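J.: Take this sequence and fold it.
(chains A and B)
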Amino acid sequence: MQTLRFVDWRAIGLAFLLVLVAALPLAINSRAEAATLSRTLVRFDRVKTSTASTGTVCAQAATVATENDVQVVFPTSYTVSTTTGNWTVSTTNLAWPSGASAWPGIGTASAASGQTVTFPSTDLTVGTLYCFNWTNSAALSIKAAATANNTGTVTTRDNGPATIDSGTYATASISDDQIVVTATVTPTFSFALSGNTDALGTLSTSSVVSSPTPRTVTINTNATNGWYAWARDSNAGLTSAAASKTIASTTPGSNSTLSTGTEGYNTGVTQSQTGGSGTITVAAAFVGGAGQGGGLDTSLRTLASSNGTADNAVLTLTNNATIAATTPAATDYTDTITVTGAGLF
Amino acid sequence: MRQSFAILLIILMKWGKNSALLLTAFALLLGVVSPIIISKVSAQDQDRDFSLQVTPSPIVETLQPGKTKTIELRINNQGSKAENLRAQLRTFSVNNGDGEVSLGTSAPKEVIDWVEIQNPLFNIKPGEWYTQKITVSPPEDAGFSYSFAIVINRANPPKPKPGQRAIEGSVAVFTLLSVDKPGAKRQFEVLEFSSKHRVYEYLPAELSFKVKNTGNTIIQPLGNIFIQRNSDDATPISTIPLNDKRSYLLPGVTRELNSNWAEGFPVFRTISGPANVEPERKLEWNWSDASKFRFGKYTAKMVAVYNDGTRDVPITTEVSFWVIPWKLLLIVFLILLVVGFGFFSAGRQLFGSGKKNSAKSSSRDRGERA
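T.: This next block holds a predicted model:
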């Protein structure tokens, strides 16, 4: 029995202590300890590393009190001018958040030390978002390193000065990836077509005839976004004026393999490249092979493209044709294919 | 063909009576083969190369409304013969779905009145450079951006002779013009930021972001991708540039841009193979980068920025992925297992034989006592 009584007293004492500990923060808060600002925003007009920047500070008070000043702590490694005269301000609405009002009593900084700049203020109304801009880029410069989470604080104070509300903000600094060079290298594009005829010879019902010497397009470019090559056919097929007949291009826009004895005409493309950052992609419709390719018509169709620079990117254009037993004989079947290349942007 | 007819004539003269039969046989042969002759000899006669170099390509310029600007396009004839060339303006468009660029065959109506090629017909000798001047005079009420292509081809391409197929070359130069005037709206929207895979065995991690130009002028998105362990880390592990190719975005156009995080050990390198062979991925073990061994969860935090004319407007988004070198880990695990088993066996043998020996000696002792 005695043991039980001893344990009871100890448990009661422990419970009392816990209640005290739990109540302690409430007691401290009731002594008007700093609250968190309802909204905090510091926007830098430039975020590029080592760049001078103007910007905007916005805050929404959470505590009823009479503000006397506002302190802005800028992120570590940001270069903050300690010359208060550089911290001039304005209350012009420069694309402020919706519903924001001009910060009352704001003026040129009254103190600037380390990362902290103090601006004068008058009383803020709880629930209203107030903003001001610092207008002189000599006041601040973005840090030299590119980082994603650069944090700082905005604190409102009374004339004690004691903290009323405080809030944190985060920003990023980015590096400009522009290559700094002492000489200018302009983007160039070169295009070479190996010849301007393609003699298919005698077409036959018993075989698919292909270009005996396929023509090549060679592309060289330093255009980092790559290049495109298109082609079109003046007649959308091989046309004979004498026979009033066109051996039509086979299903323009889709890939096909010609069959002997069935009239057809297409262009197949294969590729190679010595070097460069680009990967060549032959358009699905024009992937070449034995009798394989795509039909060309009068609209410019994409033959191939690349997503980077090219050192001797070569497209080999092989034309394939076959005829049916009923295809009229003539010696003037002809067409003109135009191949165009361009460096991308 | 002429030879065939000559042979036929000789046969007809020699065989006289049976000529009708022979003629029929010949006609049948013709019917089966259906020869359609496309000349070879004459094709070689007029065959020649076409080789041009142009710079700059593309042309990107900013204009002031109501002010004339002259743009220079330099053209080099790298072919073996002099070329009579023609330069023309042509439309082009970009497909929002797959980003395919389509070149048009008509003149761009919106600029035709104020973009003038000074010498649309010109001649260049082999090896020579020619400077083509393009005068651009945007009117006061000109809009905010214009884009077209300058297409250069032969002025009088030789017409194919009957039976020939002709191939003509031409070069297009994309021209992007922005008009700097009040109301120009530079802004974009990030539609998607993603990693190609959720889990990588080794780097590179392939990141892509789809961005749409929601403004009315040509823009170049810039920024960084910060590779971090956690979203709110103060110092990134790596910082990689966004849009390192400096791609341009036309108004209303969506474009997918890609970046790779390749600072790892080991790392896959892509090696281009011979013609028509898929590039090969090879694992590279550069021991000086051993400190860059990657394992675990990473967050790629993208901060893309556009300047709206007065300030940088950052857009932040992030994506997470894992790097798990599972094969390497499996090998290490197996090695540890083997080593562990080895120690276990050795220990067992050592203690086992000890026990045995002591058991033997105790029995001997017992025997001796007995």
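J.: quick one, what contacts residue B:177?
T.: B:61, B:62, B:63, B:111, B:136, B:138, B:145, B:146, B:147, B:218 (C-beta atoms under 8 Å, 6 or more residues apart in numbering or on different chains). Every residue, glycine included, has its C-beta placed from N, CA and C.
J.: measure it to residue B:219 for me?
T.: From residue B:177 across to residue B:219, the span is 14 Å (C-beta to C-beta, to the nearest Å).
J.: residue ranges for the helices of the stretch 101-250 of chain B, please.
T.: Here the stretch 101-250 of chain B has no helices by DSSP state H, counting those that start in this stretch.
J.: can you put the contacts of residue B:177 in CSV and add neighbour count?
T.: Formatted as CSV, the contacts of residue B:177 follow (neighbours: other C-beta atoms under 10 Å in any protein chain shown):
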residue, neighbour count
B:61, 16
B:62, 14
B:63, 21
B:111, 19
B:136, 21
B:138, 22
B:145, 21
B:146, 22
B:147, 24
B:218, 25
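J.: Of these, which is the nearest to residue A:89?
T.: residue B:62 (32.1 Å; C-beta to C-beta).
J.: Burial check on residue B:59, number of neighbours?
T.: Applying other C-beta atoms under 10 Å in any protein chain shown, we find 23 residues neighbouring residue B:59.
J.: and the chain, what are its domains?
T.: Assuming you mean chain A. A:35-173, A:189-343 (automatic domain parsing).
J.: wrong one, chain B
T.: Split by automatic domain parsing, chain B gives B:2-39, B:52-159+B:168-179, B:188-327.
J.: Least reliable of those domains by average pLDDT, please.
T.: Of all those, domain B:2-39 carries the lowest average pLDDT, namely a mean of 44.
J.: ok, what's across the strand from residue 134?
T.: With no chain named, the answer covers chain A. Listed by DSSP bridges, the beta-bridge partners for residue A:134 are residue A:55, residue A:89.
J.: actually it's chain B I care about, not the one you picked
T.: residue B:71, residue B:117.
J.: With residue B:241 instead?
T.: residue B:224.
J.: List the residues that contact it.
T.: A:175, A:177, B:223, B:224, B:225, B:259.
J.: who does the helix or strand containing residue A:117 touch, helix- and strand-wise?
T.: Here residue A:117, judged by DSSP states H and E, is contained in strand A:116-120. The helices and strands touching strand A:116-120, judged by 3 or more C-beta pairs under 8 Å, 6 or more residues apart in numbering or on different chains; DSSP states H and E, are strand A:69-73, strand A:111-113.
J.: any idea which of those is most buried?
T.: With neighbours taken as mean count of other C-beta atoms under 10 Å in any protein chain shown, those reach their highest mean count in strand A:69-73, at a mean of 22.
J.: got the angle between it and strand A:116-120?
T.: Calculated by axes from the mean of the first three to the mean of the last three C-alpha atoms, to 10 degrees, strand A:69-73 forms an angle of 160 degrees with strand A:116-120.
J.: Need the phi and psi values for the closest residue to residue B:175 other than its chain neighbours.
T.: Of all residues not flanking residue B:175 in the chain, residue B:59 sits nearest, at 4.4 Å (C-beta to C-beta, 6 or more residues apart in numbering or on different chains). Residue B:59 adopts backbone torsions of phi -100, psi 130, taken as degrees, to the nearest 10.
J.: circling back to that earlier point, would you turn the domains of chain A into TSV with mean pLDDT?
T.: Output for the domains of chain A, formatted as TSV (pLDDT from 0 to 100):
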stretch	mean pLDDT
domain A:35-173	95
domain A:189-343	94
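J.: Quick check: which of those is buried the most?
T.: It is domain A:189-343: most buried of the domains of chain A by mean count of other C-beta under 10 Å, with a mean of 21.
J.: Please enumerate residues in contact with the strand holding residue A:117?
T.: A:68-74, A:80, A:87, A:89, A:105-112, A:132, A:139.
J.: one more time with 7 Å, if that's ok
T.: Contact partners of strand A:116-120, identified using C-beta atoms under 7 Å, 6 or more residues apart in numbering or on different chains, comprise A:69-73, A:80, A:87, A:89, A:105-107, A:109-111.
J.: Just checking: what are the partner strands of it?
T.: Using DSSP bridges, the strands paired with strand A:116-120 are strand A:69-73 (antiparallel), strand A:111-113 (antiparallel).
J.: Which one, of these, ends up nearest to residue B:290?
T.: Among the strands paired with strand A:116-120, strand A:69-73 sits nearest to residue B:290 (C-beta to C-beta), with 39.5 Å.
J.: Export that closest one to PDB, keeping only CA atoms.
T.: Only the C-alpha atoms of strand A:69-73 are listed here, as PDB (Å, rounded to 0.1, in the frame of the first residue of the first chain):
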ATOM      1  CA  ASP A  69      10.400  50.900 -39.300                       C
ATOM      2  CA  VAL A  70      10.900  47.800 -41.400                       C
ATOM      3  CA  GLN A  71      14.200  45.800 -41.600                       C
ATOM      4  CA  VAL A  72      15.000  43.800 -44.700                       C
ATOM      5  CA  VAL A  73      17.800  41.200 -44.400                       C
END
